Each structure stands twice: as C-alpha cells, then as structure tokens.
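Colleague: Here is my input; please provide its structure:
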Amino acid sequence: MNSQNTSAGTTRDLPLEIAHVLLIDVVGYSKLLVNEQIELLQDLNQIVRNTECFRAAETKGRLIRVSTGDGMALLFFHSPEEPVRCALEISRTLQEHPHIQLRMGVHSGPVNQVTDVNDKTNIAGAGINVAQRVMDCGDAGHILLSGHIAEDLTQYRHWQPYLH
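Modeller: Numbers count the residues shown, from 1 in each chain. Predicted coordinates:
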C-alpha cells in the first residue's frame with residue numbers, strides 16, 4: 001500500500017528513517033539580553049561546527065541540522081555513537097567557554113523530514129520527541145542518554161567509563 005485516499009486529499013506513506021539525535025539547549029537563554037543571546041549562539045554554532053564528529057558527518061552528507069531558537073538538533077544517520085561522541089567533544093570544548101551553559105539529550109528513533117512554514121527542512125517524529133524529553137530532565141552540564149542509547153553503548157567496553 002503506497003498511498004491512501006482521505007477526505008483531505010491523497011497522502012503517501014512516510015518512509016521509516018532512524019536518526020541518532022543530539023538535542024542541545026542553552027540553559028538560561030531567555031534570561032539573557034538579546035545581544036548576549038546572539039553572541040552566545042554564534043559562539044555555540046562555531047564550537048559545534050568545529051567538532052570532528054560534525055565535520056565528518058557533514059562531509060558524508062549524513063547530518064541534518066535544525067535550529068531550535070535556543071539551541072539545535074543534530075541528526076546523525078550512521079551510528080548511535082555519533083551524537084554521544086559529538087556531545088562529549090562539545091562538552092570538552094565548553095571548558096574553555098564557561099559562559100555557555102548547555103544541557104544535551106541523546107536518543108535514537110524514527111524521524112521524518114517535514115517542510116516548515118518558511119519552506120525549510122524540519123524534523124518530526126518520536127526520535128526528536130524522546131530526545132527532547134530526555135534533555136528536559138537535565139541541568140547545565142548534563143549529557144543525558146535515553147535508555148535505548150545507554151543500553152546499546154553498555155555493550156562496549158570503551159563506553160563504560162562514560163555511563164553511570
């Protein structure tokens with residue numbers, strides 16, 4: 001079944017695509033002055049763009065970036081390790097930028113690309129929704145993983161020191 005008729009018109013089945021999502025939120029963003037918000041987001045964008053994981057995924061064409069206003073979502077499509085490595089790399093770099101306080105959430109799950117009101121690509125689906133809920137449980141400096149991601153990574157010795 002490729003399509004179905006509805007009273008609103010014809011809709012096509014959405015393809016199942018699994019993304020490994022890193023959601024990043026600037027803690028206390030709304031309390032900053034507008035100039036401070038802009039400067040902070042410019043700094044954060046530069047930090048993220050300079051990470052090895054970001055550049056590698058972008059070079060391979062396997063990265064979707066979505067601004068969230070006070071942060072961003074990075075969707076990787078190769079391995080659930082990618083968003084976790086990226087979060088750790090960002091966290092290490094932030095030690096040199098103590099004025100930027102982030103919380104991050106990671107989850108793997110189904111997503112679909114949708115076009116927003118500005119005709120730009122946006123993301124919908126459980127993958128991003130669960131990553132948001134996971135991140136919302138954290139405070140500044142936290143990198144939180146969903147149970148799904150944590151369970152996958154615990155199977156590998158090199159991830160053991162990072163999981164608790």
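
Colleague: mind listing the strands for the chain?
Modeller: 3-6, 9-12, 17-26, 63-67, 71-76, 102-115, 121-124, 143-145 (DSSP state E).

Colleague: name the helices or strands packed onto the longest one?
Modeller: Using 3 or more C-beta pairs under 8 Å, 6 or more residues apart in numbering; DSSP states H and E as the contact criterion, the elements in contact with strand 102-115 are strand 17-26, helix 81-94, strand 121-124, helix 126-136, strand 143-145, helix 147-153. To be clear about C-beta, it is placed using only N, CA and C from the backbone, and glycine gets the same treatment.

Colleague: quick one on the thing from earlier: ok, which of the strands of the chain comes nearest residue 57?
Modeller: Relative to residue 57, the nearest member of those by C-beta to C-beta is strand 63-67, separated by 3.8 Å.

Colleague: which residues are in contact with that closest one?
Modeller: Contacts of strand 63-67 from elsewhere in the structure, counted by C-beta atoms under 8 Å, 6 or more residues apart in numbering, are 19, 54, 57, 72-77, 113, 121-123.
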